[in-house]
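Colleague: A structural model of the following input is requested.
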Amino acid sequence: MELNVILKFVKFSFQMTNNSEERLTVKLISSDLFEFVIDRKCALASGAIKILLSSPGQFTESVQNEIHFRDIKAVILEKVCKYLYYKVAYSNTMQEVPAFPIEPEIAMELLNAADFLDC
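Modeller: Modelled structure (predicted):
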């Protein structure tokens, strides 16, 4: 009887491991339907994305592993994705952090998106 329980636990643990390995990336979709697939670790650098993907309330986004942004255009979302990689690369570093380039023509929209996404 105990062997049966142990085998079921091992099977469950194996299934959980396989599911987590499949979720190493996240798909972010802009308002103009461009898709950006980024590393989950980088996506979690955004406070809002982290809540959507990690919440125990099981948001649809965490189940589907993709997030639709109805108010963020592709050009802005692309820059956000680049910034998330930049943020992860330079967090906890002792070296001098280079400036993150922002084009003046998208600065205001990017600021709004960054505020919304908490990144």
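Colleague: quick one, what contacts the residue most central in space within the chain?
Modeller: A centroid search over the chain (CA atoms, centre = their mean) returns Ala43, at 2.2 Å, as the residue closest to the centre. Going by CB atoms under 8 Å, 6 or more residues apart in numbering, Ala43 touches 26, 28, 49-50, 53, 84. In this view, the C-beta of every residue, glycine as well, is placed from N, C-alpha and C.
Colleague: among those, which are in helices?
Modeller: 49-50, 53, 84 (DSSP state H).
Colleague: redo these as TSV? Include neighbour count.
Modeller: As requested, the ones in helices among the contacts of Ala43 are arranged in TSV below (neighbours: other CB atoms under 10 Å):
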residue	neighbour count
Ile49	24
Lys50	16
Leu53	20
Leu84	23
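Colleague: give me the lowest-pLDDT entry from those residues.
Modeller: In terms of pLDDT, the weakest of the ones in helices among the contacts of Ala43 is Leu53, which scores 85.
Colleague: pretty sure it contacts Val26?
Modeller: Yes - here Leu53 lies in contact with Val26, judged by CB atoms under 8 Å, at a distance of 6.6 Å.
Colleague: common neighbours of these two, please.
Modeller: Common contacts of Leu53 and Val26, defined by CB under 8 Å, 6+ apart, comprise 40, 43, 65, 67.
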